[in-house]
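A.B. asks: Mind folding the following:
(one chain, ligands or ions: 1)
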Amino acid sequence: MSLARVATRSRNGLNATLIWVETHLSQGLPAIVMVGISESVVRDAKERVRSAIISSGFRWPDSRLTISFSPASALKTGASFDLPIAVSILLASKQLPDALAQGTEFYGELSLDGRVLTTTGLLAAGASEREKQVTIFTPKPNAMALAPFCSRVVGLRHLSELRTPDRLSESDFRECSPARTNGVATTYQLPAGQASLWRAAEIAAAGGHHLLMSGEPGAGKTMTAGLIRQLLPDPSDKEMLETQILFDIANKPCPSHRPFRSPHHSISLTGLVGGTRHATPGEISLAHHGILFLDELPEFSLATIEALRQPLEAGHIQITRAEQSHLYPAKFQLIAAMNPCPCGYRGSSETACRCSSSALTRYDAKLSGPLLDRIDMFIRVSRSKLSDVMAPQTTQYDRLERVRQSVLVARESQIVRQGQQNSLLPSSDVLDSCSLTGETKKWLESTGE
Ligand SMILES: [Zn+2]
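C.D. replies: The predicted model follows:
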């Protein structure tokens, strides 16, 4: 009779809960019983682990195996339990030294031939706060991404490498940490002229305000979204880590700056807010700490547009699927663009609008009042003048640098004044933070009415 205990973690949103995998070998007919974990995970893991152990030159114990996952109440999903299950069986059957379970955590999916496969979503486990230093055993390809956040990481290619633990060396990938760049490369085209558009972009970037631009095709709406992206300050280390964890869960390459997501208007509800069978984050969570740019806003389905209301208000979204429920952050800045009508020329001084009045009514009804209520700024855009378009681009880049500096100054003064960005300020505190003079107050009242 023998008992072994191995530590691992299970992802829960952006965090990861410590899970103990305990294996008990007892006399009786050979069988494997797993408790404290969902049936679907057990079904998959049982066969993979058995084949991997035998293929790696180890012996499958000829006794009754009881494997327990604790705490029983914690969420346990994914294939990263294969390696800790295999290690706990090998420890309990005395095929690996007991010291391997001291101060260690194991993660990784196993193939039938014993290879330790790349597993998504491990960054959340690796970046978890710990009271003491531990050595993390992880698939070799994941080790590079985990190394900057963990004190000690050992990358495994095959389960058989554990037969000679003395030869395993701690991987040092610190130099391979994900690249951080200061600022966004200024290779995007910038809107020419358009003083009011630049001013709107400056205010939106400084205060973190949601912006809706309306204007005829070719007026520079998409370029303005790119401009706001370039005006945003560099993310903090904490913001960058959250971005990296979210992209790791979604199994997408992580951006080196604040994320800029611009899904097509045909995107599904699941793609936008998150979901799928594995409850993965959607575009609104991938845009966390960055920009969600929705071009042609009225062309998005009504259900997807309406689904934005709750995360815009709360800054997070709860994704619940059959066996898992994850809370993902979604503090994004919404930059949306739309044509003024289906043909795009309503209000244009140069081209006549061809839309019928019923088409215009239908188009206007696509954006609900509650959604528009959550958008802070609206701007009507018209085409740039030819003389502005012909101006040299270098002038535009000088202008960009000036506006970027003013955004940084404005952001700092907001933090000094009220401890947060203007967009996060509760409406009850707005008047305390903005001292209005008599004349300004009168103007505001007359504009509001
Ligand atoms: Zn029209």
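A.B. asks: Please identify the residues of the stretch 301-449 of the chain in proximity to the ion?
C.D. replies: Taking C-beta under 5 Å from the ion as the measure of proximity, the stretch 301-449 of the chain contacts the ion at Cys341, Cys343, Arg346, Cys353, Cys355. (Each C-beta comes from the backbone N, C-alpha and C, glycine too.)
A.B. asks: Surely Gln310 touches Ala330?
C.D. replies: No: using C-beta atoms under 8 Å, Gln310 is not in contact with Ala330; the gap is 9.2 Å.
A.B. asks: Between the two, which is the more surrounded one?
C.D. replies: Ala330 (25 against 15; other C-beta atoms under 10 Å).
A.B. asks: Which pair in the residues of the stretch 301-449 of the chain next to the ion has the greatest spatial separation?
C.D. replies: Greatest spatial distance among these (C-beta to C-beta): Cys343 and Arg346, at 7.6 Å.
A.B. asks: what is in contact with these two at once?
C.D. replies: Cys353, Cys355 (C-beta atoms under 8 Å, 6 or more residues apart in numbering).
A.B. asks: In the stretch 101-250 of the chain, what residue comes closest to the ion?
C.D. replies: When scored by C-beta to the ion, the stretch 101-250 of the chain has Glu216 as its residue closest to the ion, at 9.3 Å.
A.B. asks: what sits against that residue?
C.D. replies: Residues near Glu216 by C-beta under 8 Å, 6+ apart: Asn339, Pro340, Gly344, Tyr345, Ser348, Thr351, Val381, Ser382, Arg383.
A.B. asks: could you redo the last one with a cut-off of 10 Å?
C.D. replies: For Glu216, the contacting residues are 339-341, 343-351, 353, 380-383, by C-beta atoms under 10 Å, 6 or more residues apart in numbering.
A.B. asks: Likewise for Ser128?
C.D. replies: Arg9, Arg11, Leu14, Asn15, Ala16, Thr17, Leu18, Glu105, Val134, Phe149, Cys150.
A.B. asks: ok, and the most crowded of these?
C.D. replies: Arg11 leads those on contacts (other C-beta under 10 Å) with 26 neighbours.
A.B. asks: List the beta-bridge partners for it.
C.D. replies: Here Arg11 sits in beta bridges with Ala16, going by DSSP bridges.
A.B. asks: Flag every buried residue along stretch 324-342.
C.D. replies: If you call a residue buried by 16 or more other C-beta atoms under 10 Å, then stretch 324-342 has these buried ones: 324, 326, 328-342.
A.B. asks: let me fix that: stretch 17-26
C.D. replies: For stretch 17-26, using 16+ other C-beta under 10 Å, the buried residues are Thr17, Ile19, Trp20, Val21, Glu22, Thr23, His24, Leu25.
A.B. asks: Out of the residues you listed, which sit inside strands?
C.D. replies: Using DSSP state E, the subset of these located in strands is Thr17, Ile19, Trp20, Val21, Glu22, Thr23, His24, Leu25.
A.B. asks: where do the strands sit along the stretch 151-300 of the chain?
C.D. replies: Along the stretch 151-300 of the chain, counting by DSSP state E, counting those that start in this stretch, strands occupy 152-156, 211-215, 260-261, 274-275, 280-281, 291-294.
A.B. asks: Neighbours of Ser68, how many?
C.D. replies: Neighbour count of Ser68, defined by other C-beta under 10 Å: 17.
A.B. asks: Buried among the contacts of Glu216? Make that a ChimeraX selection.
C.D. replies: The buried residues among the contacts of Glu216 can be selected in ChimeraX (16+ other C-beta under 10 Å) with this line:
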select :339,340,341,343,344,345,346,348,353,381,382,383
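A.B. asks: Sitting in strands, which of the contacts of Glu216 do you find?
C.D. replies: Judged by DSSP E, strands contain the following of the contacts of Glu216: Arg380, Val381.
A.B. asks: Looking at the buried residues of stretch 324-342, which are in strands?
C.D. replies: Using DSSP E, the buried residues of stretch 324-342 in strands are Gln324, His326, Tyr328, Pro329, Gln333, Leu334, Ile335, Ala336, Ala337, Met338.
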